[in-house]
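Q: Pasting the sequence and the predicted coordinates here, then a few questions.
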Amino acid sequence: MLAASGAAGLLLFVHAARSGDEGWTQLWNGKSLDGWEHVGPGGFAIENGLLKTEGGMGLLWYTKRQFGTGDTLRVVFKTGKNDSNSGVYIRFPERPKDPWYPIHFGYEVQIDNGDDDYHCTGVIYSMTKAMARPQKAPGEWNTMEITLRGDETIVKVNGVLITDFHDRAATNEIPPRKHWYEGVRGPRAESGYMGVQNHDNGSSVFFKEISFRHGQ
């Protein structure tokens, strides 16, 4: 047990130093949920320095600041199965009262490699079509970066562009809303809070980094 704890501590130290050297600020410290609040059923467990989704459908959101133009969010995650489901919420402008608020008043950047091109990892859920599908196999780490520029949202997964969306562009080809659980259509705020989703009992998604940087 002592050796395992030491290894986990070393991993967190190296990880934090690496992120700091590159100008990234950690939103999750690898130890506690200080600065975060959970809304809805289920939750997140901290296991060996990782965040693990449990149950759902719930929302873990960062309370200390909003994110907007010039900010890039970075999430490093792995899934338990190909269709393990989670997501990164962005642009919701107020404190959420329930886990559905950021879906309808912000955007969900999807994590799920088992669904179609409008509902898969890196898309704005049900609104944009994936330009590529570079998510790695279950158990392997993936890096998602979400860059905000005014009304533009740029998403890359493992360095590959998945989404480049201007939500006020006249040329948008957003599919009609087909299901009650898909976000209502319409432009979102240019800045807002962020969070991550715990979706269901059958999905295990692990996060080892949630961070951001500004102006790069």
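A: Good, I have the coordinates. Quick caveat, the model's predicted, so the values are computed rather than measured. Numbers count the residues shown, from 1 in each chain.
Q: and the residue lying closest to T121 once chain neighbours are set aside, how far is that from F77?
A: In this structure, T121 finds its nearest non-sequential neighbour in Q135, 4.6 Å apart by Cβ to Cβ, 6 or more residues apart in numbering. (Glycine included, C-beta is placed from N, CA and C.) Distance, Q135 to F77, using Cβ to Cβ, to the nearest Å: 9 Å.
Q: so what's in contact with the two at the same time?
A: Counting by Cβ atoms under 8 Å, 6 or more residues apart in numbering, the residues touching both Q135 and F77 are N142.
Q: Now do the helices in the protein.
A: Assigned by DSSP state H, the chain shows helices spanning 2-21, 101-105.
Q: who touches the last one?
A: In other words, helix 101-105. In this structure, residues lying in contact with helix 101-105 by Cβ under 8 Å, 6+ apart are 39, 59, 61, 89-90, 92-94, 96, 108, 125, 181-184, 188-189, 193, 195.
Q: Narrow those residues to those that are buried.
A: Among the contacts of helix 101-105, the ones that count as buried by 16 or more other Cβ atoms under 10 Å are 39, 59, 61, 89-90, 92, 96, 108, 125, 182-183, 188-189, 193, 195.
Q: Report pLDDT for the residue nearest the centre of the chain.
A: When Cα atoms, centre = their mean is applied to the chain, the residue found nearest the centroid is V88 (2.2 Å). V88 carries a pLDDT value of 98.
Q: which residues does it bridge with?
A: V109, V196 (DSSP bridges).
Q: ok, it touching V76?
A: No - the pair V88 and V76 fails to qualify as a contact (Cβ atoms under 8 Å) at a distance of 11.4 Å.
Q: okay, and the common contacts of those two?
A: M144.
Q: sorry, back to before: report the contact partners of the residue nearest to the centre of the chain.
A: Counting by Cβ under 8 Å, 6+ apart, V88 touches 73, 75, 108-109, 111, 144, 146, 194-197.
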